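Asker: pasted the sequence and its predicted model underneath.
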Amino acid sequence: DYKNLPQRAPASIVVIDSKELEKYNSDWTGQYKGASRIVCRPQSTEEVASILEYCNKEKIGVVPQAGNTGVVGGSVPVHDEIILSVERLNEIHSFDAINGILQCGAGCILQTLQEKVASWNHLMPIDLGAKGTCMIGGNIATNAGGQYYYRFGSIHANIIGLEVVLPNGTILDLMSTNRKDNTGYDLKHLFVGSEGTLGVVTKVALNCPSLPSARNVAFLACNSFESVCQTLSFAKEELGEVLAAFEFMDKQVLDQVATEKTIPLKIRNENYNFCVLVETQGSNREHDTAKLESFLEQVMDSGHVVDGILAQDTKQVYEMWEIRESCNPIIKSKGYNYKYDISLPLSAYYDIAKKMRERLLPFPDVIVANWGHVIDGNLHLNIITPGNFEVDSQIKGMIEPFLFEYVVAQNGSISAEHGLGQSKNKYLGKYAKSEAAVTIMRSLKDSFDPNGIMNPEKFLPS
């Protein structure tokens, strides 16, 4: 079935070299590995359509892949499915500076888009630690969140148009750049967060807000999670419309980050239990700085913040964000990482970390390290076995399903922004969504992809 595929995809866009295939068959975590024998790298929407039409006819499984930075195994094959990489669909087609609308290919790297749009005095509404590698098509397929979710909203809130190739090769043009269009079902939203199970996103039209002329960042220390929550409450009240991000890190993750990065507050005190990063964005530097300084004075007088530093220039802004964005790669380098991305109400947000430490007391070397977008209830809970890079079934058995049962009991979500992939799809209908909802999802899948070729054994329960 594979032998005729190169006729549909020119040799220059097909990878069959076993050595080169390795990077496509393994995800960022290294925990998920496929056995694909061929990678297609189309350079146009028409080539994508031709490949999918053939694969659908021959019932060949296809795994769409962008930057391959996911952590739930959604972008690598379960078996030997063909990988369809969008990396060559990387053209920036247009930018409407008046309306702030970017049109580009799905293979554009997020950081490249950020830099290009900034040169036009605008910004991308999403920002992720993986921005140097992840691609906008993958961001859309996974409904990526990130640190500015509170300020700019989800991808659903910022997507204006899409071009998608359906499993049978039909090109679905949803690239209207009208901000208001109330004619029929808004189909583009079906593909946001669908993890490549309904089709392949090839082009994107995205809202890009104006670049703020004033940006301030503070790095603060708290001794209790209650103080973190009170500081967040103060930030919402006092910073109001300029509050852009509020990120949280606990001592356990900061101790690991400190092995490779300089954390300013650690110079003065090694024992702070939590640190938060607060960012404001606005149009008047003096106004925003005054608001931030007033906020800092209040939270320090209240005792909820016990130490803090305010970035004095752009260099310090990036240095502070580098601490937060280094959490993931540094933790990954320390040992096997049992990685969980959950949503919880703030009343239960950090309790799960305490409960996991109690459950894992029989494993004294285990580190439970946490960080996340506390402003929108998203916790990145990470359990690490230092120096041991292999999964331990006993440890995993102590984590799952206890963690998911706790999250459900608190009316949270077992996947806040990372998606389901092949890691959590089996829990859909049990710990996430009702059976009725899953039934409707299956009917949508069957309608778009009756042969089941798109990203098989992912997203929905097998």
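Answerer: Arrived safely. Numbering: from 1, shown residues only.
Asker: per-residue pLDDT of the residue sitting nearest the centre point of the chain, please?
Answerer: Central residue of the chain (CA atoms, centre = their mean): Ala144, 3.9 Å from the mean position. Model confidence at Ala144, given as pLDDT, is 93.
Asker: what about Pro401, how many neighbours?
Answerer: 14 (other CB atoms under 10 Å). C-betas here are computed from N, CA, C, even on glycine.
Asker: on that earlier part again, enumerate every residue touching the residue nearest to the centre of the chain.
Answerer: Ala144 makes contact with 126, 128, 134, 138, 155, 417, according to CB atoms under 8 Å, 6 or more residues apart in numbering.
Asker: where does it sit: helix, strand or coil?
Answerer: At Ala144 the chain is in coil, as set by DSSP: H, G, I helix; E, B strand; the rest coil.
Asker: look up phi and psi at it.
Answerer: Main-chain torsions, Ala144, degrees, to the nearest 10: phi -60, psi 140.
Asker: so how far is Thr69 from it?
Answerer: Distance, Ala144 to Thr69, using CB to CB, to the nearest Å: 9 Å.
Asker: now for these two: what residues contact both?
Answerer: 134, 138.
Asker: still on that earlier bit, now the contacts of Ala144 as TSV including pLDDT and secondary structure?
Answerer: Converted to TSV, the contacts of Ala144 look like this (pLDDT from 0 to 100; DSSP: H, G, I helix; E, B strand; the rest coil):
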residue	pLDDT	secondary structure
Ile126	95	coil
Leu128	92	coil
Cys134	97	coil
Gly138	97	helix
Ile155	96	helix
Glu417	92	coil
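Asker: quick check, nearest of the residues you listed to Asp307?
Answerer: Checking the contacts of Ala144 against Asp307 by CB to CB gives Leu128 as the nearest, at 28.1 Å.
Asker: all strands for the stretch 151-300 of the chain, in order.
Answerer: 159-165, 171-174, 200-207, 214-222, 243-250, 274-282 (DSSP state E, counting those that start in this stretch).
Asker: which one of those lies nearest to Ile384?
Answerer: Among those, the nearest to Ile384 by CB to CB is strand 243-250 (13.0 Å).
Asker: what angle sits between the closest one and strand 274-282?
Answerer: 170 degrees (axes from the mean of the first three to the mean of the last three CA atoms, to 10 degrees).
Asker: strand partners of strand 243-250, parallel vs antiparallel please.
Answerer: Strand 243-250 has its sheet partners listed here by DSSP bridges as strand 274-282 (antiparallel), strand 367-373 (antiparallel).
Asker: one step back: nearest to His304, of the strands of the stretch 151-300 of the chain?
Answerer: That would be, of the strands of the stretch 151-300 of the chain and by CB to CB, strand 214-222, which comes in at 6.2 Å.
Asker: what pairs with the closest one, parallel or antiparallel?
Answerer: With DSSP bridges as the test, strand 214-222 pairs up with strand 274-282 (antiparallel), strand 307-310 (antiparallel).
Asker: reformat those strands into JSON lines and put mean pLDDT next to each item.
Answerer: Shown next, in JSON lines, are these (pLDDT from 0 to 100):
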{"stretch": "strand 274-282", "mean pLDDT": "97"}
{"stretch": "strand 307-310", "mean pLDDT": "93"}
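Asker: residues contacting the nearest residue to His304 once chain neighbours are set aside?
Answerer: Nearest residue to His304, sequence neighbours excluded (CB to CB, 6 or more residues apart in numbering): Ser227, at 4.0 Å. With contact set as CB under 8 Å, 6+ apart, Ser227 has these partners: 274, 303-305.
Asker: just the buried residues of the lengthiest helix in the chain, please?
Answerer: Determined from DSSP state H, the single longest helix within the chain is helix 285-302. By 16 or more other CB atoms under 10 Å, the buried positions in helix 285-302 come out as 288, 291-292, 295-296, 298-299.
Asker: over to stretch 434-441?
Answerer: 438, 441.
Asker: quick one: contacts of that stretch?
Answerer: Contacts for stretch 434-441 (CB under 8 Å, 6+ apart): 428-429, 433, 460-461.
Asker: and the residues you listed, which of them are in helices?
Answerer: Going by DSSP H, the helices hold none of those.
Asker: could you turn the buried ones of these into a ChimeraX selection?
Answerer: ChimeraX command restricting the contacts of stretch 434-441 to the buried ones, with burial defined by 16+ other CB under 10 Å:
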select :428,429,460
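Asker: point out where the stretch 251-400 of the chain drops to low pLDDT.
Answerer: For the stretch 251-400 of the chain, residues meeting the criterion pLDDT under 70 lie at 267.
Asker: next one: stretch 20-34 to chain centre, how far?
Answerer: 18 Å (CA atoms, centre = their mean, to the nearest Å).
Asker: cool, and stretch 253-270?
Answerer: On CA atoms, centre = their mean, the centre of stretch 253-270 falls 25 Å from the chain's centre.
Asker: do the same with stretch 268-285
Answerer: With CA atoms, centre = their mean, you get 22 Å for stretch 268-285.
Asker: next: stretch 61-69.
Answerer: The answer for stretch 61-69 is 15 Å, by CA atoms, centre = their mean.
Asker: what separates the first and last residues of stretch 245-265, distance-wise?
Answerer: Stretch 245-265 stretches 19 Å from its first residue to its last (CA to CA, to the nearest Å).
Asker: return the set of buried residues in that stretch.
Answerer: Neighbour-count burial for stretch 245-265 [16+ other CB under 10 Å]: 245-254, 256-258, 263-265.
Asker: how about stretch 134-142?
Answerer: In stretch 134-142, counting by 16+ other CB under 10 Å, buried: 134-142.
Asker: in JSON lines, list those residues along with distance to Leu211.
Answerer: Below are the buried residues of stretch 134-142 laid out as JSON lines (distance: CB to CB, whole Å):
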{"residue": "Cys134", "distance to Leu211": "21"}
{"residue": "Met135", "distance to Leu211": "22"}
{"residue": "Ile136", "distance to Leu211": "18"}
{"residue": "Gly137", "distance to Leu211": "24"}
{"residue": "Gly138", "distance to Leu211": "24"}
{"residue": "Asn139", "distance to Leu211": "19"}
{"residue": "Ile140", "distance to Leu211": "22"}
{"residue": "Ala141", "distance to Leu211": "27"}
{"residue": "Thr142", "distance to Leu211": "25"}
